[in-house]
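Engineer: fold the following, please.
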Amino acid sequence: MPGTLFIVATPIGNLEDITARALRILREVSLIAAEDTRRTAHLLTRYGITTPTTSLHEHNEGRKAPSLIARLQAGENIALVSDAGTPLISDPGQQLIRIAIETGIRLEPVPGPSAITAALAASGFQTHPFVFLGFPPTRSKDRKNWFQQLASTNTTAVFFESPHRIRRTLQEIVETVGDLPVMVARELTKAHESLVRGHISDALRDTHLETGELTIVLDVGHKPNDASAAEVSGERLVEELGLLTDNGKLNKRQAIQELARRHGWRPNDVYAAVERTRKLGK
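Structural biologist: As a prediction, the model looks like this:
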């Protein structure tokens with residue numbers, strides 16, 4: 001009788017965030033297929049689990065999946081885990097799962113921690129529906145399509161980003177979609193966890209933005225539509241700019257940024273509209 005492939009969620013940071021069922025399964029299976037055996041070893045050592053592990057990552061999955069399927073067909077039970085969180089969510093394992101389904105292997109998901117749901121729950125934004133967009137691509141064409149998909153979304157969006165690309169990505173979102181309400185969750189469940197809230201322009205002022213593992217939640221449903229944006233006249237922008245800069249409350253650049261956030265425009269477009277209106281008034 002074939003064995004079972006368990007898809008086991010593991011902690012995203014705090015090692016206490018694992019279910020009793022997950023621990024039992026990790027002890028009982030014949031083998032644990034891990035994205036990084038060294039990282040998984042920390043969890044297993046913490047709970048005194050001595051089950052053998054084998055690596056299964058994006059570079060060897062195609063080669064190793066058939067041998068794992070063979071062991072499952074021979075009656076062994078195997079647990080699939082990623083470095084953190086729920087397997088297959090921006091992590092390897094898709095090929096193994098697909099072959100297991102095709103060959104009639106029994107699959108059993110063992111739910112648990114997920115950075116997506118943890119960040120979404122803490123965001124305060126609408127949680128149903130929401131869309132998960134993974135990591136923004138690095139290639140120009142794919143990246144352009146990713147931003148187009150984000151712009152077409154009318155609900156809450158969640159995505160991951162690396163520290164060295166987060167600032168560039170957020171700036172591009174402001175330019176292509178608008179200065180949206182955002183929550184940047186950094187180092188979730190870890191000792192230095194922080195939740196940065198506000199608009200994207202606020203998050204970009206955070207001096208610690210480019211550190212740790214990042215999960216970003218965007219309230220894309222609050223971006224203004226073209227009709228509402230069109231209702232904002234150049235005269236109104238000039239008037240509001242004057243109020244914001246009156247008595248030195250904000251300098252011109254800060255006021256432009258505030259107007260862009262307020263009306264969902266790009267800062268450059270606000271500046272152009274203000275200058276155009278002023279010239280027409282002369």
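Engineer: can you tell me the SS state at the residue nearest to residue 250 when sequence neighbours are not counted?
Structural biologist: Distances taken as CB to CB, 6 or more residues apart in numbering place residue 244 nearest to residue 250, at 4.9 Å, with adjacent residues excluded. No exception for glycine: its C-beta is placed from N, CA and C like everyone else's. Following DSSP: H, G, I helix; E, B strand; the rest coil, the label given to residue 244 is helix.
Engineer: what count of nearby residues applies to residue 115?
Structural biologist: As a burial measure, residue 115 scores 22 neighbours (other CB atoms under 10 Å).
Engineer: from residue 67, how far out is it?
Structural biologist: 30 Å (CB to CB, to the nearest Å).
Engineer: thinking again about what came up before, quick check: the residue nearest to residue 250 touching residue 251?
Structural biologist: No. Taking contacts as CB atoms under 8 Å, residue 244 lies outside contact range of residue 251: 9.4 Å.
Engineer: those two: who's more crowded?
Structural biologist: Counted by other CB under 10 Å, residue 244 and residue 251 do not tie: residue 244 has more neighbours, with 18 against 11.
Engineer: what about residue 28, how many residues nearby?
Structural biologist: 12.
Engineer: ditto for residue 167
Structural biologist: 15.
Engineer: and what about it, helix, strand or coil?
Structural biologist: Secondary structure for residue 167, judged by three-state DSSP, is helix.
Engineer: same question for the one 5 residues further on.
Structural biologist: Assigned with three-state DSSP, residue 172 falls in the helix class.
Engineer: correct me if wrong: it contacts residue 144.
Structural biologist: No. If you go by CB under 8 Å, residue 172 and residue 144 don't touch, sitting 9.8 Å apart.
Engineer: which one's more surrounded, the two?
Structural biologist: residue 172 (17 against 13).
Engineer: please enumerate the helices of the stretch 51-200 of the chain.
Structural biologist: Per DSSP state H, counting those that start in this stretch, the stretch 51-200 of the chain carries helices over the ranges 61-73, 94-102, 115-123, 140-152, 163-176, 200-203.
Engineer: can you say which of the ones you listed is nearest to residue 35?
Structural biologist: Comparison of the helices of the stretch 51-200 of the chain against residue 35 by CB to CB identifies helix 61-73 as nearest, at 9.6 Å.
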